[in-house]
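# Turn this into a model:
(one chain, ligands or ions: 2)
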Amino acid sequence: CRWNLTFRQTFKDRLSQRFENELPGVDIFVTTADPIIEPPMMVMNTVLSVMAYDYPTEKISVYLSDDGGSELTYYALLEAAEFAKQWIPYCKKYSVEPRSPVAYFVSIATDAVGVDDKKANDLAVIKKSYKDMETKIENAVKLGHIPEKVRSKQKGFSQWDSHLSKRDHDTYLQVVIDGRDPKAIDVEGLVLPTLVYLAREKRPQYHHNFKAGSMNALIRVSSNISNGKVILNVDCDMYSNNSMAIRDALCCLMDEEKGHEVAFIQFPQNFENLTKNELYISFMRTISEVELHALDGFDGPFYVGSGCFHRRDTLCGRKFTKGCKSDMKWEISRKREETTIHELEEDSKVLANCAYEQNTEWGKEMGLKYGCAIEDVFTGLSIQCRGWRSVYLNPTRKAFLGVAPTTLLQMLVQQKRWSEGSFQILLSRHNPAFSDQISLGQKLGYAYVGAWSMNFLPTLFYTVIPSLYLLKGISLFPRVSSPWIIPFAYVIIAKYTGSFLEFLWAGGSALGWWNDQRMWLYKRSSSYIFSFIDTILYLLGYSDSAFVITAKTSDEDESQRYEKEIMEFGASSPLFSVLASLAVLNLYCFAGFVKEAISLGSKGGIAEVYDTMALQILLCGILILINLPLYQALYLRKDKGKLPGSIALKSMAFGVFGLTCFNFSY
Ligand SMILES: O=c1ccn([C@@H]2O[C@H](COP(=O)(O)OP(=O)(O)O[C@H]3O[C@H](CO)[C@@H](O)[C@H](O)[C@H]3O)[C@@H](O)[C@H]2O)c(=O)[nH]1
Ligand SMILES: [Mn+2]
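Ligands and ions are numbered 1, 2, ... in the order given. Sure thing, here's the model as predicted:
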């Protein structure tokens, strides 16, 4: 994975010089699924940030897909559209960065600007408008529905009159800002980007295919409304942190020599809410700063969902053909200038109905692929198998910032979904090994993530067996005094110094690396076991794969502990039962060994023990150190984030049971 790291730099001024008047239309998709887990205010900040890109506004169209089918989200979008009229000109006037209002307000030190200054005045005005919008939206959210007074003012709400539930409703679609309308202008009189709300039809008898389903509905609806040649897709928490990102991506897509081979440009997933030592997701650092750069050296990175620019036609199944340079036209084809907005809405709605995809290639060769827990990687793979390459861009000013999981359980559940999806790909007939279109390096890249799940086997082996044998006094590794220790010592030292230095190089902290080792262990000994079992059951037809949405909020207590980097357990999940049982088993083994060693020590046989058992002592000892926060959560902590008593009991019972079995079998 580290053979051919590739780093790219773009020259945006040259893009402007050559192509400023021929820049393509860009359709931006934001997906949300639940107004509770994904608060409308957060979603609106993302929407506003992408509406305000440094790019000709008439060429930007923003589509919000709401799988929650919630009128609260719709209402929030109406309010955001009003606020955009002030926000977009403000951003352009002061070259604001980042362009998510809330992130911007946090980032500027208010006391730095003079009071009578024009800028300070503008800032106060814009802040006030933002507050007003926020109050209105939050009040509606608190209330749980839209007050009749507001409802009656906007005919769009009447779509909800027939609403049955989140899983059973018509298509709701409204062009909130019609970019073609000469009256759709901001406070400075400049045109606004097009803004569309979509909640695709949901019926219990049709599978909705989660995010992939909503993306496909968006692809069709947008093709009927703005038909931008480039599609950017972001998760609802991933706001734009760099207003130049569209131009960065276009530098790669419009490159006259190589651009025609490129299907998509992936930016890394970075996070805003990280603590100093990244308690849970420090591994994303290695993925973003090292592994994706490495894949870029082998014909391109995976498509990892958020922060990715696609060519519309390659996303819809187009094959790469050598010498197709000439028909890559970029002109904007704003469709149907003459249709009225009402007509446009009505015939776009049909495209988002459940039955539309029946007996079509959607979900197979068209659009995002269905039937995999990570639709993104699966879709990217199929694009690469059609001969395209992809590009990884990681500018210094991060292009997108999102919300990382803030509890251990959220992280483990997310990891379960990711490893399950990768394993599904590996076991399917789409296994990249069979493709003759993708390079060996890329195949190895897919194999590496595909095998995540299976890693639980060696991990379980190494966390259980050497410790049990340590207790028994049976040595499994070479003696320290034997030359056979050299390969072991070499691998251990080289691997860990390597990964430590790399982590620091990638911008992490020493403690962050230590946390990373813990997460390495926890993912492998919980998420991966369950994803392995679930994938096998899924293949045998016994279970259906689901998409558990990652929560993007946490309560006051929880976030305080997160800030202080205290690990959050607090739930009785089977994932925790496994982790606690393994930790307790190791504690017993180590304690038993220490007791034994003390009595041996008094008889003088201790040196022999160290010589024969050194590696097992090291391994078991490190497992204990790494598990310290878990023991605390089991036995010492009193707050809500501790492990529940039931898990303490279970893990103790398992520990005793494990030891007894082992004793009897030996
Ligand atoms: O039925 C659904 C479920 C999810 N989503 C949206 O999908 C996005 C990602 O969901 P999240 O719970 O945040 O998942 P993550 O694990 O953080 O997301 C990563 O992994 C997913 C695949 O597992 C990809 O879809 C994402 O793009 C990628 O960022 C969010 O905007 C959701 O609103 C939907 O639109 N419909
Ligand atoms: Mn997410």
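# going forward, measure contacts between C-alpha atoms and count neighbours the same way
Fine.
# And Tyr542, how far from ligand 1?
According to C-alpha to the nearest ligand atom, to the nearest Å, Tyr542 and ligand 1 sit 21 Å apart.
# Is that residue located within a strand, as I assumed?
No: counting by DSSP: H, G, I helix; E, B strand; the rest coil, Tyr542 is not part of a strand but coil.
# how deep is it tucked in, by neighbour count?
10 (other C-alpha atoms under 10 Å).
# Check Gly68 too.
Number of residues near Gly68 (other C-alpha under 10 Å) recorded here: 21.
# what secondary structure does it sit in?
Secondary structure state of Gly68, per three-state DSSP, is coil.
# so what's it up against?
For Gly68, the contact set (C-alpha atoms under 8 Å, 6 or more residues apart in numbering) comprises Thr32, Ala33, Asp34, Pro35, Lys166, Ala199.
# just those that are near ligand 1?
Thr32, Ala33 (C-alpha under 6 Å from any ligand atom).
# So which of the contacts of Gly68 is surrounded by the most neighbours?
Neighbours here mean other C-alpha under 10 Å. Within those, the largest count is held by Ala199, at 30 neighbours.
# quick revisit: could you dump the contacts of Gly68 into CSV and include pLDDT and secondary structure?
Shown next, in CSV, are these (pLDDT from 0 to 100; DSSP: H, G, I helix; E, B strand; the rest coil):
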residue, pLDDT, secondary structure
Thr32, 98, strand
Ala33, 97, coil
Asp34, 95, coil
Pro35, 95, coil
Lys166, 92, coil
Ala199, 98, strand
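# got the contacts of Gly68 as CSV, with distance to Glu502 columns?
Below are the contacts of Gly68 laid out as CSV (distance: C-alpha to C-alpha, whole Å):
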residue, distance to Glu502
Thr32, 35
Ala33, 37
Asp34, 38
Pro35, 39
Lys166, 46
Ala199, 44
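# Looking at the contacts of Gly68, which is nearest His207?
Checking the contacts of Gly68 against His207 with C-alpha to C-alpha, the nearest one is Lys166 at 13.2 Å.
# From ligand 1, how far off is Tyr197?
The spacing between Tyr197 and ligand 1, counted by C-alpha to the nearest ligand atom, is 13 Å.
# what number of residues lie near that residue?
Residues lying near Tyr197 (other C-alpha under 10 Å) number 22.
# Give the next helix or strand downstream of the helix or strand encompassing it.
Following DSSP states H and E, one finds Tyr197 within strand 194-199. Heading C-terminal from strand 194-199, the first helix or strand you meet, by DSSP H and E, is helix 210-225.
# and the angle from that next one to strand 194-199?
140 degrees (axes from the mean of the first three to the mean of the last three C-alpha atoms, to 10 degrees).
# Counting by contacts, list what helix 210-225 packs against.
Applying 3 or more C-alpha pairs under 8 Å, 6 or more residues apart in numbering; DSSP states H and E, one finds that helix 210-225 makes contact with strand 26-32, strand 60-66, helix 341-349, helix 375-385.
# Try it again at 10 Å.
strand 26-32, strand 60-66, strand 194-199, strand 230-235, helix 312-315, helix 341-349, helix 375-385 (3 or more C-alpha pairs under 10 Å, 6 or more residues apart in numbering; DSSP states H and E).
# ranking the ones you listed by burial, who's on top?
Burial of these is given as mean neighbour count (mean count of other C-alpha atoms under 10 Å); strand 26-32 ranks first at a mean of 27.
# How about stretch 202-219, which residues are buried there?
Residues 202-203, 208-219 are the ones in stretch 202-219 that count as buried (16 or more other C-alpha atoms under 10 Å).
# Can you measure across it, start residue to end residue?
End-to-end span of stretch 202-219 (C-alpha to C-alpha, to the nearest Å): 17 Å.
# do you know how far the closest residue to Phe105 other than its chain neighbours is from ligand 1?
Ranked by C-alpha to C-alpha, 6 or more residues apart in numbering and with sequence neighbours excluded, the top spatial neighbour of Phe105 is Lys127, at 7.8 Å. Distance, Lys127 to ligand 1, using C-alpha to the nearest ligand atom: 26 Å.
# and what of His430?
Counting by C-alpha to the nearest ligand atom, the gap between His430 and ligand 1 amounts to 18 Å.
# Flag the shaky bits of the stretch 201-350 of the chain, pLDDT-wise.
Applying pLDDT under 70 to the stretch 201-350 of the chain flags residues 326-336.
# list the contacts for the residue in the stretch 1-150 of the chain positioned nearest to ligand 1?
Using C-alpha to the nearest ligand atom, the closest approach of the stretch 1-150 of the chain to ligand 1 is made by Thr32 at 3.2 Å. Thr32 is in contact with 38-40, 43, 64-69, 73, 199, 211, 214, 234-237, 549, counting by C-alpha atoms under 10 Å, 6 or more residues apart in numbering.
# and the buried residues of stretch 202-219 as JSON lines, adding distance to Val230?
Below are those laid out as JSON lines (distance: C-alpha to C-alpha, whole Å):
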{"residue": "Lys202", "distance to Val230": "27"}
{"residue": "Arg203", "distance to Val230": "30"}
{"residue": "His208", "distance to Val230": "25"}
{"residue": "Asn209", "distance to Val230": "23"}
{"residue": "Phe210", "distance to Val230": "22"}
{"residue": "Lys211", "distance to Val230": "19"}
{"residue": "Ala212", "distance to Val230": "18"}
{"residue": "Gly213", "distance to Val230": "19"}
{"residue": "Ser214", "distance to Val230": "18"}
{"residue": "Met215", "distance to Val230": "14"}
{"residue": "Asn216", "distance to Val230": "15"}
{"residue": "Ala217", "distance to Val230": "16"}
{"residue": "Leu218", "distance to Val230": "13"}
{"residue": "Ile219", "distance to Val230": "11"}
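# Would you mind trimming those to those in range of ligand 1?
Restricting these to those touching ligand 1 (C-alpha under 6 Å from any ligand atom) yields Phe210, Lys211, Ser214.
# quick one: Tyr588 and Val656 touch, right?
Yes: judged on C-alpha atoms under 10 Å, Tyr588 makes contact with Val656 at a distance of 8.5 Å.
# neighbour count winner among those two?
Tyr588 (18 against 15).
# so which helix or strand takes in the more buried one?
helix 574-603.
# Report the buried residues of that helix.
Buried residues in helix 574-603 (16+ other C-alpha under 10 Å): 575-590, 593, 597.
# same deal with stretch 95-115?
For stretch 95-115, burial by neighbour count (16+ other C-alpha under 10 Å) applies to Val96, Glu97, Pro98, Arg99, Ser100, Pro101, Val102, Ala103, Tyr104, Phe105.
# Show me which pair in those is furthest apart.
Maximum pairwise distance among those (C-alpha to C-alpha): 12.1 Å, between Val96 and Val102.
# hmm, back to that, tell me what the residue of the stretch 1-150 of the chain closest to ligand 1 is bridged to.
Asp66 (DSSP bridges).
# That one and Ile606, how far apart?
Taking C-alpha to C-alpha, one finds Thr32 at 61 Å from Ile606.
# what's the answer for Met411, then?
Separation of Met411 from Ile606 (C-alpha to C-alpha): 42 Å.
# Pro24 now?
For Pro24, the distance to Ile606 equals 74 Å [C-alpha to C-alpha].
# any residues touching stretch 136-145, and which ones?
Residues outside stretch 136-145 that contact it (C-alpha under 10 Å, 6+ apart) are 35-36, 39-41, 70-73, 75-80, 131-135, 146-147, 151.
# That's all I had, so thanks and see you.
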